[in-house]
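**Q** would you be able to build a 3D model of this:
(one chain, ligands or ions: 2)
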Amino acid sequence: MNTVIRAEGLSFVYGWEKDREHPVSEKVLDQVDLAIEEGQSIVILGENGSGKSTLARCLNALLCPTGGRVLVRGMDTAEEQNLYAIRSTVGIVFQNPDNQIVSSIVEEDVAFGPENLGIPTEEIRLRVDRALKDVGLYEMRGRSTYQLSGGQKQRIAIAGVLAMRPACMIFDESTAMLDPRGRKDVLNIMEQLRAEGMTTILITHFMEEAVRADRVLIMKKGKIIADEPPEKIFSREELVREAGLELPPAIRIRNLLRRNGVPVPDRILGMEALADWLCARKKDAGGGSHED
Ligand SMILES: Nc1ncnc2c1ncn2[C@@H]1O[C@H](COP(=O)(O)OP(=O)(O)OP(=O)(O)O)[C@@H](O)[C@H]1O
Ligand SMILES: [Mg+2]
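**A** Ligands and ions are numbered 1, 2, ... in the order given. Coordinates of the predicted model:
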């Protein structure tokens with residue numbers, strides 16, 4: 001497997017990165033070791049202030065480690081000459097779409113990233129069209145960005161990163177400000193990218209968004225305290241609680257059912273899977289018809 005991102009003993013303290021004499025924060029990242037392989041889908045969970053956004057920013061060289069190092073496809077994020085190549089390999093979409101829109105016209109906004117990478121105009125055209133189609137906003141390419149809803153702006157922000165053709169995309173709470181429909185749209189775009197082989201990293205406070213990941217990382221006080229597939233992580237209720245988190249809704253119901261003697265298996269993590277499993281069980285027991 002190819003490693004896209006590797007962090008080795010990564011530490012980070014705010015303040016020091018700007019050659020100041022004194023740090024302005026405690027250690028926000030503390031000796032983090034992490035390897036992310038090509039095509040993996042990763043979810044990062046952790047309570048407020050645990051270091052998730054700081055980690056994300058270190059992974060695409062928006063922040064430079066104050067200890068240890070980060071390598072993106074072998075390129076050290078601390079070396080200035082690697083910055084363009086790193087940022088076109090690992091893109092980030094943030095929480096607030098308003099802060100990510102830079103131009104007044106949709107297609108100009110999406111073109112901004114690739115223009116900064118010095119990509120030829122003809123190629124930029126193709127990339128912008130493709131990215132806008134991917135997020136379902138091609139018809140709106142000539143519109144003013146001021147006239148868009150929050151969900152549409154977030155999709156434009158995603159298109160802007162997509163147009164840089166990154167190998168890996170980080171979504172730092174990119175669904176947090178959206179309504180349920182907007183959230184679902186963004187999650188669907190992520191799933192589609194994942195199916196196309198892109199490496200995706202999702203930072204979220206919505207536990208149910210973690211159940212389909214290949215790996216779930218839990219952060220606490222600047223450390224990664226767990227890194228396992230979702231079915232393993234969410235079978236460790238104690239660990240999840242200690243990290244200041246809750247179990248996803250379907251797993252809470254699963255556990256309640258188990259306490260009442262219904263043997264729901266570990267692999268059941270989402271609502272649909274739970275409903276399907278319960279229906280199949282009922283059918284097996286000969287109770288397939290609807291009861292009032
Ligand atoms: N620019 C900054 N200067 C100083 N300290 C900062 C700065 N940004 C973040 N911090 C501190 O670093 C710690 C980690 O912040 P970070 O934003 O990485 O957490 P997070 O896990 O993303 O939290 P949230 O879930 O609230 O987004 C916090 O204690 C925060 O106060
Ligand atoms: Mg954050």
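**Q** residues from the protein in reach of ligand 2?
**A** K52, S53 (CB under 5 Å from the ion). Using the backbone N, CA and C atoms, a C-beta is placed for each residue, glycine as well.
**Q** low-confidence ranges, the chain, go.
**A** 16-24, 287-292 (pLDDT under 70).
**Q** strands of that one, start to end?
**A** Taking DSSP state E, the strands of the chain run over residues 3-13, 27-37, 41-46, 67-72, 75-76, 90-93, 168-172, 199-203, 215-220, 223-228.
**Q** closest to R143 out of those?
**A** strand 90-93 (19.9 Å; CB to CB).
**Q** name the residues that touch stretch 140-152?
**A** The contact list for stretch 140-152, computed with CB atoms under 8 Å, 6 or more residues apart in numbering, reads 97-98, 101, 103-107, 109-110, 128-129, 132, 137, 153, 156, 177-179, 181-182, 185-186.
**Q** which of the residues in it are buried?
**A** M140, R141, R143, T145, L148, G151, Q152 (16 or more other CB atoms under 10 Å).
**Q** state which helix of this structure is the longest.
**A** Longest helix of the chain, by residue count under DSSP state H: helix 180-195.
**Q** alpha carbons of that helix, as CSV, please.
**A** C-alpha atoms of helix 180-195 as CSV (Å, rounded to 0.1, in the frame of the first residue of the first chain):
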residue,chain,number,x,y,z
PRO,A,180,-29.9,17.6,7.3
ARG,A,181,-30.4,17.7,3.5
GLY,A,182,-27.2,19.8,2.9
ARG,A,183,-25.3,17.4,5.2
LYS,A,184,-26.5,14.4,3.3
ASP,A,185,-25.5,16.0,0.0
VAL,A,186,-21.9,16.7,1.2
LEU,A,187,-21.7,13.2,2.7
ASN,A,188,-22.8,11.7,-0.6
ILE,A,189,-20.2,13.7,-2.5
MET,A,190,-17.6,12.3,0.0
GLU,A,191,-18.8,8.7,-0.6
GLN,A,192,-18.6,9.2,-4.3
LEU,A,193,-15.0,10.5,-4.0
ARG,A,194,-14.2,7.6,-1.8
ALA,A,195,-15.7,5.1,-4.4
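**Q** okay, and the beta partners of the residue minimising distance to the centre of the chain?
**A** Of all residues in the chain, the one closest to the mean position by CA atoms, centre = their mean is L202, 1.3 Å from it. With DSSP bridges applied, L202 shows beta-bridge pairing to V43, F171.
**Q** I figured it hits I189, correct?
**A** No. Using CB atoms under 8 Å, L202 is not in contact with I189; the gap is 11.5 Å.
**Q** what parts of the stretch 51-200 of the chain come near ligand 1?
**A** Taking CB under 6 Å from any ligand atom as the contact definition, the stretch 51-200 of the chain meets ligand 1 at G51, K52, S53, T54.
**Q** a markdown table for those, including neighbour count and distance to S235?
**A** As requested, these are exported to a markdown table (neighbours: other CB atoms under 10 Å; distance: CB to CB, whole Å):
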| residue | neighbour count | distance to S235 |
| --- | --- | --- |
| G51 | 22 | 25 |
| K52 | 24 | 22 |
| S53 | 21 | 28 |
| T54 | 22 | 29 |
